[in-house]
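# Here's my sequence, what's the structure:
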Amino acid sequence: MSEDTSLNAVELATELTIAWLGNQNNRVQADDVPAFLRTMHATLAELSGGAPGATDADAGDSAAGETFTPAVSVRRSLASKDHIISMIDGKPYKTLRRHLSTHGMTPEQYRERYNLKSDYPMVSETYSEQRREMAKKIGLGARGRAARAQASDAVNPPAKRGRPKSA
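All right, here's what the predicted structure looks like:
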């Protein structure tokens with residue numbers, strides 16, 4: 001029974017690869033075709049019920065819990081006010097959100113992956129302060145708009161509406 005399944009997976013992977021290569025929009029070199037075929041077969045085998053060459057015990061161990069070792073410690077990642085060091089690759093960033101999205105993660109997943117507290121920052125302290133100052137300067141927020149409106153009313157009284165009277 002497993003021979004029929006694996007044979008079907010090979011045939012199906014071959015047919016899908018031929019169809020993919022037949023599309024005129026896909027430009028691929030001849031060297032890349034065997035790798036694509038292997039990938040297609042592995043994907044089909046995985047979808048049909050098991051990874052190629054893996055036993056049920058192997059699948060249970062990998063799914064049970066992957067442990068990720070951080071590139072730096074939590075203390076080291078927050079040591080500087082100018083940047084936060086990523087635990088994924090050990091590089092400094094002003095904000096981690098875009099970096100995490102390139103790795104397909106959300107901040108919550110990142111915190112969970114490395115057992116971080118829920119208040120672990122995603123933006124460096126100085127960058128956050130710069131953004132705060134810029135927001136205050138342009139008057140974001142209800143208090144800023146109200147204060148700016150009061151200040152402008154005191155300096156410039158509201159103009160009268162309508163046409164000016166002719167002399």
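# Pull up the gap between the nearest residue to Glu125 once chain neighbours are set aside and Lys91, please.
Once flanking residues are discounted, Glu125 sits nearest to Lys81: 4.3 Å by Cβ to Cβ, 6 or more residues apart in numbering. No exception for glycine: its C-beta is placed from N, CA and C like everyone else's. Distance, Lys81 to Lys91, by Cβ to Cβ, to the nearest Å: 17 Å.
# Same question for Ala35.
Ala35 sits 29 Å away from Lys91, going by Cβ to Cβ.
# Please apply the same query to Leu116.
17 Å.
# neighbour count winner among those two?
Leu116 (17 against 11; other Cβ atoms under 10 Å).
# tell me the secondary structure for that one?
The assignment at Leu116 comes out as coil when based on DSSP: H, G, I helix; E, B strand; the rest coil.
# And it, what's its pLDDT?
Here the pLDDT value assigned to Leu116 is 93.
# pLDDT at the most centrally placed residue in the chain, what is it?
For the chain, Ser101 is the residue whose C-alpha lies nearest the centre (Cα atoms, centre = their mean; 1.0 Å). Looking at Ser101, its pLDDT stands at 93.
# For Arg111, see how far away it is.
Look at Ser101 and Arg111: by Cβ to Cβ, they are 15 Å apart.
# What part of this structure, helix or strand, is modelled with the least confidence?
helix 56-64 (a mean of 43; mean pLDDT, DSSP states H and E).
# next SSE after that one?
helix 74-77 (DSSP states H and E).
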